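Chemist: What follows is a predicted structure for the sequence shown.
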Amino acid sequence: MISKLAIGIDIGGTRTKLGLVDLEKGEVLEILISPTETKDSAKFLKIINSGIDQLKAVAQKKHSTILGVGFGVTGFVFDDGMVDSTYGFLEFMEDYPLSEYILKYSSLPCRADNDARVVALGEALYGIGKGQNRVLVLTLGTGLGLGFIANGKFETNLPFAHMGGHISIGHTDFKCYCGKEGCLEALVSATGIVDSAKRLGWVEKFPDLPLNVETIFKAEQKGNTIAAKIVSDFVSHLKTGIHNYINLFAPDIIVIGGGVSKGMKPYLEKLSDTEFLKPYKNYQVKIALSELDELSGILGAAALFKQS
Ligand SMILES: [Zn+2]
């Protein structure tokens, strides 16, 4: 049987990952990684198109054809394929006809969607969310992005759900970059955790330790009391957010992915006490960490060609 292949492209803040994906098996057959060009559209397209050419050659060797090219991008993607990443890291991507450019060069159809939504699709179809009806995925990286998949499809009636990191959980001591006070994203993203550490005097107290999430989580495991306070606040804020999301989305499973999730295994139990995840009779939510790691964005972007 000839495999159904698609290219999935995950544009990250620093690295762009292109993968050739077997859509039936959920396997990334070939992966290419290059630095993300954030300023110059022509350079950006050159890197992408060269990657597409290389992956086309791999598919040709396998005597398989590629259904199309899927993208996960920061920002909004409108129904006509126009991308607006004005508030993201891609400076040129305002009212940007990405799909049109890709089709013109590669003669392959192109579909694009928001990166957090695409990651959720990858987790729901090929990751730990597989087999669950209602899958909510929280991507905890530089920010907090949401994606919600019901029965293997995007929930089209929730067009702004990926912005759900900006729900307010009531802390008004500082402002989120979006201009509002108390956003969950500003407390639990990597940026938020680092900001909490700064407020607690991390830099002055530990001038020799790097200021990042990995170091903070490791210090907490070794009994550092400042790190313990940062982690305890992080878990508490994330729990409040998840509690709100459970009431809004009624998910069967909440998958946590992104850079922050890599160090979260020791805290999963604290996030998962039974009462909190059993808000109603006969209803139980599971919380799990992503097992696809960095592949979820590629798989999900390719899987845009499994969506009707
Ligand atoms: Zn905000």
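Modeler: Here it is on my side, so go on. Residues are numbered from 1 along each chain as shown.
Chemist: Can you list the buried residues in the lengthiest helix in the chain?
Modeler: When the chain is parsed with DSSP state H, its longest helix is helix 225-249. For helix 225-249, burial by neighbour count (16 or more other Cβ atoms under 10 Å) applies to 226-227, 230-231, 233-235, 237-242, 245-246, 249. Bear in mind the C-beta positions are built from the backbone N, C-alpha and C, glycine included.
Chemist: Flag every buried residue along the next helix or strand after it.
Modeler: Counting by DSSP states H and E, the element after helix 225-249 in chain order, helix or strand, is strand 253-257. By neighbour count on 16+ other Cβ under 10 Å, the buried set for strand 253-257 is 253, 254, 255, 256, 257.
Chemist: so how far is stretch 214-225 from its chain's centroid?
Modeler: Computed by Cα atoms, centre = their mean, to the nearest Å, the chain-centroid distance of stretch 214-225 equals 25 Å.
Chemist: Please name the residues that touch residue 306.
Modeler: Neighbouring residues of residue 306 by Cβ atoms under 8 Å, 6 or more residues apart in numbering: 23, 125, 152.
Chemist: Tell me the buried residues in stretch 252-269?
Modeler: Buried residues in stretch 252-269 (16+ other Cβ under 10 Å): 252-264, 267.
Chemist: out of those residues, which one sits closest to residue 62?
Modeler: For these, the residue nearest residue 62 by Cβ to Cβ is residue 257; the value is 29.1 Å.
Chemist: you'd agree that closest one is up against residue 292?
Modeler: Yes - at 7.4 Å, residue 257 and residue 292 qualify as touching, with contact defined as Cβ atoms under 8 Å.
Chemist: which neighbours do these two share?
Modeler: With contacts defined as Cβ under 8 Å, 6+ apart, the residues shared by residue 257 and residue 292 are residue 123.
Chemist: Which strand or helix spans the residue lying closest to residue 127 once chain neighbours are set aside?
Modeler: Leaving aside its chain neighbours, residue 127 sits nearest to residue 292 (4.3 Å; criterion: Cβ to Cβ, 6 or more residues apart in numbering). For residue 292, there is no enclosing helix or strand under DSSP H and E.
Chemist: how about the residue nearest to residue 141 when sequence neighbours are not counted, phi and psi?
Modeler: By the measure of Cβ to Cβ, 6+ apart, the closest residue to residue 141 outside its immediate chain neighbours is residue 258, 3.9 Å from it. When read as degrees, to the nearest 10, the backbone of residue 258 gives phi 90, psi 170.
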